[in-house]
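Trainee: One predicted model, sequence on top.
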Amino acid sequence: MNDLAPLLSPEGRALLDEVRDTDPARELAVATRLRREHPAELVSAALGQARLRQRAAVKFGAQDAGRMFFTPNGVEQSTRASVAAYRARRMAELGVTSVADLCCGIGGDAIALARAGIRVLAVDRDPQTAAAARANADALGLAGLIEVREADVTDVDTARFDAVFVDPARRGGRGRIFDPEAYSPPLSWAVSAARRAPRAAALKVAPGIPHEAVPEDAEAEWISDGGDVKEAVLWFGTEPAAVRATLLPGPRTLLSRGLPDPEVRPPGRYLYEPDGAVIRAHLVAEVAEQVGGGLLDATIAYVTADALHPTPYATAYEITDHLPFNLKKLKALLRERRVGTLTVKKRGSAVEPEELRRKVKPQGPHAATVFLTRVAGAPAMLIGHPAE
């Protein structure tokens, strides 16, 4: 059932409440029972929506997700609530009071903006998606601040809004789209819309966007949440040409200082693994300067140093062993140390973690981390544990 309307009826809402916590393993039995009293299509729609709400709880939290309405693509492509809230706070701090949210999806960003006190026009051309956004604004008590419009974003006049937020579709029939000009709408169109905004604009793009594709008058920000890189944002009306990595929760922000690449040096006592947003933003040099370190290899984002300097922008490990890549030696060392819990990290190595575990067969009460990487161009293994 693609039409949300039946689920918004009193019968549909009551059914949604009834199936809210349905265990997927019991869906067939629950559906069979409910179809005795309700239309089969409505039961299927309610159970499908319950599954989507359960999946969405990771992004939106159980309380909000339990009241919202989703489409399969909406769950997959919507912004995590913590990231949307951070971006909405930045908008509010810039003095923005109204935003045209173009390609709004099921309304995740519009909700965050409205909760920051910003009036929103949320636009999406897909009827089902726009209906979900409208239902979500109503379900969360934000309908007074969010106007949802079903339209092609290229036809929308944004002149009366302080700011523009554009989240182009980055998936097609064959999966992810990597060329920014193949986004829908293309990045060039979104940049033109951003430049017309009176106060500020933000364009959500894939974290893998090439740095050379970032316009010179835009600030580029890479955002991670809980260590996972979530997105990149091109800001207009802030700091042209600035580059930053922002880590959530926090937020903690590392700004580029245009430092040269760190020198390659022999492994020290500590290895620092920069956050993914730091790596994507090309700010490894800033982390290396913070910890007084250098690179293990000129092409790999592992920083090594002799001293422990805690930083929120990288995870530190104390290294106990540095060996040339050799599985037999690694297996013997792990057996000697009685390591049964082995965390495998790799960068610059073709060996897969599961393949390594299968071959070394770790056993014992202790834990260790092994880094499969290169040191000055040579395959190597570094063994250690998280620094305290």
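Mentor: Received it, and whenever you're ready, just let me know what you need.

Trainee: next one: stretch 161-180 to chain centre, how far?
Mentor: Centroid separation for stretch 161-180 versus its chain: 14 Å, with C-alpha atoms, centre = their mean, to the nearest Å.

Trainee: and it, how far apart are its ends?
Mentor: As for stretch 161-180, its first-to-last residue distance stands at 25 Å under the measure C-alpha to C-alpha, to the nearest Å.

Trainee: Flag every buried residue along it.
Mentor: The neighbour-count criterion (16 or more other C-beta atoms under 10 Å) identifies F161, D162, A163, V164, F165, V166, D167, P168, A169, R170, I177, P180 as the buried residues of stretch 161-180. For every residue, glycine as well, the C-beta is placed using N, CA and C.

Trainee: Can you tell me which of those residues end up in strands?
Mentor: When strands are assigned by DSSP state E, the members of those inside them are A163, V164, F165, V166.

Trainee: So which elements touch the lengthiest helix in the chain?
Mentor: Among the segments of the chain that qualify as a helix by DSSP state H, the longest is helix 40-60. Of the remaining helices and strands, those touching helix 40-60 by 3 or more C-beta pairs under 8 Å, 6 or more residues apart in numbering; DSSP states H and E are helix 5-8, helix 10-19, helix 27-34, helix 62-65, helix 72-77.

Trainee: For the first one, which helices and strands make contact with it?
Mentor: What it means is helix 5-8. With contacts taken as 3+ C-beta pairs under 8 Å, 6+ apart, helix 5-8 sits against helix 10-19, helix 40-60.

Trainee: among those helices, which is the most enclosed?
Mentor: helix 40-60 (a mean of 19; mean count of other C-beta atoms under 10 Å).

Trainee: which stretches of this structure form helices?
Mentor: 5-8, 10-19, 27-34, 40-60, 62-65, 72-77, 81-93, 108-115, 127-139, 187-195, 276-280, 284-291, 327-337, 353-360.

Trainee: Deepest-packed of these, please.
Mentor: Comparing the helices of the chain by mean neighbour count (mean count of other C-beta under 10 Å), helix 108-115 ranks first with a mean of 27.

Trainee: quick one: it to helix 81-93, angle?
Mentor: Compare the direction of helix 108-115 with that of helix 81-93 by axes from the mean of the first three to the mean of the last three C-alpha atoms, to 10 degrees and you get 50 degrees.

Trainee: still on that earlier bit, pick the one among the buried residues of stretch 161-180 closest to G258.
Mentor: The shortest distance between G258 and any of the buried residues of stretch 161-180, using C-beta to C-beta, involves P180 and amounts to 23.9 Å.

Trainee: for the closest one, what are its contacts?
Mentor: Counting by C-beta atoms under 8 Å, 6 or more residues apart in numbering, P180 touches P186, L187, V205, A206, I209, A213.

Trainee: Of all residues in the protein, which one is nearest the centre?
Mentor: Per C-alpha atoms, centre = their mean, the C-alpha nearest to the average position across the chain is that of K230, at 1.7 Å.

Trainee: ok, D261 - contacts?
Mentor: A285, L295, A298.

Trainee: The nearest residue in space to R199 that is not next to it in sequence and L142: what is the separation?
Mentor: Nearest in space to R199, with sequence neighbours left out and distances taken as C-beta to C-beta, 6 or more residues apart in numbering, is D162 at 4.3 Å. Taking C-beta to C-beta, to the nearest Å as the measure, D162 falls 18 Å from L142.

Trainee: try L16
Mentor: When distances are taken as C-beta to C-beta, L16 and L142 turn out to be 19 Å apart.

Trainee: Q54 now?
Mentor: When distance is defined by C-beta to C-beta, Q54 is 23 Å away from L142.

Trainee: what does A131 give?
Mentor: Computed with C-beta to C-beta, the distance linking A131 and L142 is 16 Å.

Trainee: Distance from the chain centre to stretch 234-251, please.
Mentor: Centre-to-centre, stretch 234-251 and its host chain are 15 Å apart (C-alpha atoms, centre = their mean).

Trainee: Any buried residues in it, and which?
Mentor: Under the neighbour-count criterion of 16+ other C-beta under 10 Å, stretch 234-251 has L234, W235, F236, G237, T238, V243, R244, A245, T246, L247, L248 buried.

Trainee: who does the last one bridge with?
Mentor: The residues paired with L248 through beta bridges, assigned by DSSP bridges, are D225.

Trainee: Tell me which residue of this protein is furthest from the middle?
Mentor: For the chain, the residue at maximal distance from the C-alpha centroid (C-alpha atoms, centre = their mean) is R36, at 42.2 Å.

Trainee: quick one: pLDDT of that residue?
Mentor: For R36, the model assigns a pLDDT of 91.

Trainee: quick one, phi psi at it?
Mentor: The phi/psi pair for R36 (degrees, to the nearest 10) reads phi -70, psi -20.

Trainee: That one and P6, how far apart?
Mentor: Taking C-beta to C-beta as the criterion, R36 is separated from P6 by 18 Å.

Trainee: and what of E231?
Mentor: Applying C-beta to C-beta to E231 and P6 gives a distance of 34 Å.

Trainee: follow-up on the earlier one: who are the contact partners of the residue nearest to the centre of the chain?
Mentor: Under the criterion of C-beta under 8 Å, 6+ apart, the neighbours of K230 are T79, R80, V83, P207, I223, S224.

Trainee: Double-check S224 against L247; I have them as touching.
Mentor: Yes - in terms of C-beta atoms under 8 Å, S224 counts as a neighbour of L247; the distance is 5.4 Å.
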